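Asks: Structure here, sequence nowhere to be found:
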């Protein structure tokens, strides 16, 4: 059986899609699943356990789409599953000429999708599980935990990268991700508080903090590291996707805001602390017993991007570094990553 799965473009949404692939494998054990993703997600799809092959979807409608369409048609798919509701992936799913085309009852999908599943609100794990139940019946895997893995080469490359920054192989580390994309800076906790977190992690548990981010964030993160009074490292803009997974896999704990990296850490089943303010952790929070969400649940939250014009940002400013570090260290003890810890 040939199945083509079209994914959304964000890292967190990709993680949310993995239970759909797992449901297909559960219902059809011999199924070959081809994931169609944007180029930045290709390394993740290649490391996702339910996925057998990957096709990159060009960023814009170029000649590259004709080659993609030919390759997808050549698979003679029995079923395409479309998680986006936007025009291009819905049209592509129709052009695959599959026997079954399954997707959500929203937007452009209404024009091209034959079998429609109800959709509620924003992209979420809950929506995807409803679709997974439609294609897979009684779904036993209802989260993404363990469905993504770093390779051995990822771990080796990460070790070399850390060694170049004088972090030894036996040195315990915490991975910190303080930044959001430029269009979602309203989700950010004050960056100087991450420096306080790094200080407390080192003083209480001997953890060296490794800050991660994009190349455009490298200068700002470098300034945070420079201002820290304890050992800290910036790898912003220096890691491949595989090295980031290797880094998270090696970490005693991950701490960050509502972001895709938090879902990667949770998928790898590492202790994960996610800081939420204007967004809703019930919709987009990391899952699993090794995940802790710091969220104040104020009367005005979640407000989502309306926080961009918020004058007080109490939902974030009321979160203190001490409570974040305490939650993180409790998780490290529960996971066995650390033993001698001062809460």
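Replies: It's in. Everything quoted here is computed from the prediction, not taken from an experiment.
Asks: Could you use CA atoms for every contact and neighbour count after this?
Replies: Fine.
Asks: my read: residue 92 touches residue 68, true?
Replies: No. Taking Cα atoms under 8 Å as the definition, residue 92 is not a contact partner of residue 68, at 9.2 Å.
Asks: How about the contacts made by the residue lying closest to residue 148 once chain neighbours are set aside?
Replies: Spatially, and ignoring its direct neighbours in sequence, residue 148 is nearest to residue 48 (4.5 Å; Cα to Cα, 6 or more residues apart in numbering). By Cα atoms under 8 Å, 6 or more residues apart in numbering, the contact list for residue 48 reads 18, 147, 148, 149.
Asks: If we use 7 Å, what do you get?
Replies: By Cα atoms under 7 Å, 6 or more residues apart in numbering, the contact set of residue 48 is 147, 148, 149.
Asks: Let's see if you can find the most crowded of those.
Replies: Highest neighbour count within those: residue 148, with 24 neighbours (other Cα atoms under 10 Å).
Asks: Switch the contacts of residue 48 over to JSON lines; also include secondary structure, distance to residue 228 and pLDDT.
Replies: Shown next, in JSON lines, are the contacts of residue 48 (DSSP: H, G, I helix; E, B strand; the rest coil; distance: Cα to Cα, whole Å; pLDDT from 0 to 100):
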{"residue": "147", "secondary structure": "coil", "distance to residue 228": "35", "pLDDT": "97"}
{"residue": "148", "secondary structure": "strand", "distance to residue 228": "33", "pLDDT": "97"}
{"residue": "149", "secondary structure": "coil", "distance to residue 228": "32", "pLDDT": "97"}
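Asks: Among those, which one sits closest to residue 22?
Replies: residue 147 (8.2 Å; Cα to Cα).
Asks: pLDDT at the closest residue to the closest one other than its chain neighbours, what is it?
Replies: Residue nearest to residue 147 in three dimensions, not counting chain neighbours: residue 49, with 5.3 Å by Cα to Cα, 6+ apart. Among the per-residue scores, residue 49 shows a pLDDT of 93.
Asks: that older thread, distance of the residue nearest to residue 148 from residue 144?
Replies: Relative to residue 144, residue 48 is positioned 10 Å away (criterion: Cα to Cα, to the nearest Å).
Asks: Check residue 209 too.
Replies: 26 Å.
Asks: pretty sure the residue nearest to residue 147 is touching residue 146, no?
Replies: No. Look at residue 49 against residue 146 with Cα atoms under 7 Å: they stay out of range, at 8.3 Å.
Asks: ok, which stretches of the stretch 101-250 of the chain are helices?
Replies: 109-112, 125-136, 152-164, 191-205, 218-227, 241-250 (DSSP state H, counting those that start in this stretch).
Asks: Compute the mean per-residue pLDDT across the last one, please.
Replies: Over the span of helix 241-250, the pLDDT mean works out to 98.
Asks: ditto for the second one
Replies: Helix 125-136 comes out with an average pLDDT of 94.
Asks: For it, name the packing helices and strands.
Replies: helix 11-27 (3 or more Cα pairs under 7 Å, 6 or more residues apart in numbering; DSSP states H and E).
Asks: Show residues contacting the helix it packs on.
Replies: Counting by Cα under 7 Å, 6+ apart, residues outside helix 11-27 touching it are 7-8, 31, 50-51, 124-125, 128-129, 132, 135-136, 139, 141-144, 147, 259-260, 263.
Asks: go with 6 Å
Replies: 50, 125, 132, 136, 139, 143, 144, 260, 263 (Cα atoms under 6 Å, 6 or more residues apart in numbering).
Asks: So the last one versus residue 11, what's the distance?
Replies: Distance from residue 263 to residue 11, counting by Cα to Cα: 8 Å.
Asks: the more surrounded of those two?
Replies: residue 263 (26 against 19).
Asks: and that one, what is it in contact with?
Replies: 12, 286.
Asks: So for residue 209 and residue 144, which residue has more residues nearby?
Replies: Per other Cα under 10 Å, whichever of residue 209 and residue 144 has more neighbours is residue 209, with 29 against 26.
Asks: Please state the backbone phi and psi of the closest residue to residue 106 other than its chain neighbours?
Replies: Distances taken as Cα to Cα, 6+ apart put residue 85 closest to residue 106, at 6.1 Å, once the chain neighbours are dropped. Backbone torsions of residue 85, given as degrees, to the nearest 10, read phi -120, psi 10.
Asks: How many residues are close by residue 85?
Replies: By other Cα under 10 Å, neighbour count at residue 85 equals 22.
Asks: can you pull the contacts of residue 94?
Replies: Applying Cα under 6 Å, 6+ apart, the residues near residue 94 are residue 112.
Asks: quick one, phi psi at it?
Replies: The phi/psi pair for residue 94 (degrees, to the nearest 10) is phi -70, psi -40.
Asks: Look up the pLDDT of it for me, please.
Replies: So residue 94 comes in at 93 (pLDDT).
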